[in-house]
Structures are given as C-alpha cells and as structure tokens.
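Q: Let's see this in three dimensions:
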Amino acid sequence: MDEKVRRRNLGEFLQMRRTRLKPTDVGLSLGTRRRTPGLRREEVAQLANISTSWYTSLEQGRETQASEEVLENIANALLLNVAERQHLFLLAKRPVDLNFMSIEDEITPTLAQWIHTLRDQPAYILGRRWDILVWNHAADLLFNFSKKIPSHTNNYLWRFFHNPA
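A: Residues are numbered from 1 along each chain as shown. Have a look, this model is predicted:
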C-alpha cells in the first residue's frame, strides 16, 4: 500500500471511530451545544494522554510515527474492540499482537463505557489470564496502567510480582 494512502486510511479510520462515540460514552459531560458529531479531537487526545496537535497530525494523515504506547492509548480512548485495535496497528505499521485478547476476554462497548463513567472511582476489568483489559482515568492515575511499558506487561500478576514497591 502506498504510504500516502496508508496515512489517509489511518486518518479516516480514526475519524470514523471518533465520530461514533458520544462524550457520555467515555465519561465526559455533554457540556454546551456541540457542532461536532461524536468526540472532539481534543477530547480524544485528552483521553489518550497525548497532545491535540499530535492526534490531529495522525487524523489528518501527516507524516508521523506513532509509538505502540500512543496507539494503545488511542485505542483505549476510542473504545476499540480487538479487530479494530489490530486494524489500527496495521494502518500505523506497528507490530500486531494477534493474541492481544482472546475471544472470551473481549469487553462489550457497554461495559467499557460504564467503566469510563466511574470518573472518581478507580475501576478496571481483568481477563481470564489476569490481563488488564480496560481501565478508567482514575485507575490509570493510581496504578499507572498506561505507563511506557511493553504491552505484554499489562497483566495484573506480572505487575504484582515485578513491582519494586
């Protein structure tokens, strides 16, 4: 696939996923009248812990290389399912972990949205293999789930036995 086409496809994919979500889906208030369908770019950037300009660059198909951590954060912010997450990584030319989540560990969008609505209470969901599947902002602040670590270490047991504290 041509590089320019790939970047454009990545931007279109991000925009489609952003516009399908409502602010209340991810624990944000509706606020004032909205002209933008779905989430605003700055809201996705805030949820993904990246700058608005960085997210905008990705969505507009500019020449940028997103790290795996940034892609994970964006995938979590947009509540992507397993197939969408893998598609995002393929479009961004990053390694795709085909064993990211087994089918029985897939979280429904409703459950993921509910976790994000618990704004002040740390909440997360573990899979059958103790993988940390979804978490909210309060849990991230407390447990540092989106810390710059390899994605395979996002396992509760791994963190328990490797945490120096």
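Q: Report the contact partners of the spatially most central residue of the chain.
A: Closest to where the C-alpha atoms of the chain average out (Cα atoms, centre = their mean) is N76, at 1.9 Å. By Cβ atoms under 8 Å, 6 or more residues apart in numbering, the residues touching N76 are L47, A48, V134, W135, S146. Backbone N, C-alpha and C define where each C-beta goes, glycine included.
Q: now, which of those sits nearest A123?
A: W135 (6.9 Å; Cβ to Cβ).
Q: number of nearby residues for the closest one?
A: 22 (other Cβ atoms under 10 Å).
Q: who's in contact with it?
A: By Cβ under 8 Å, 6+ apart, the neighbours of W135 are N76, I115, P122, A123, Y124, I125, F143, F145.
Q: rerun at 10 Å
A: 76, 112, 115-116, 122-126, 142-143, 145-146, 154 (Cβ atoms under 10 Å, 6 or more residues apart in numbering).
Q: hang on, the earlier thing: can you name the element that comes right after the host helix or strand of the residue nearest to the centre of the chain?
A: Per DSSP states H and E: N76 is located in helix 68-77. Next along the chain after helix 68-77, taking DSSP H and E as the criterion, comes helix 82-91.
Q: Now the top helix by length along the chain: buried residues?
A: Counting residues, the longest helix in the chain under DSSP state H turns out to be helix 3-19. Neighbour counts over helix 3-19 (16 or more other Cβ atoms under 10 Å) mark R7, N9, L10, G11, F13, L14, Q15, R17, R18 as buried.
Q: likewise stretch 124-136?
A: Using 16+ other Cβ under 10 Å as the test for burial, stretch 124-136 gives Y124, I125, G127, D131, I132, L133, V134, W135, N136.
Q: Same question for stretch 66-82.
A: Buried residues in stretch 66-82 (16+ other Cβ under 10 Å): 66, 69-80, 82.
Q: what do you get for stretch 32-49?
A: Neighbour counts using 16+ other Cβ under 10 Å place G38, L39, R40, R41, E43, V44, A45, Q46, L47, A48 of stretch 32-49 among the buried residues.
Q: what does it contact?
A: 14-23, 25-28, 31, 50-56, 58-60, 69-79, 116, 137, 140, 146.
Q: give me that answer again for 8 Å
A: Residues contacting stretch 32-49 (Cβ under 8 Å, 6+ apart): 14, 18-23, 26, 28, 51-52, 54-56, 59, 70, 73-74, 76-78, 137, 146.
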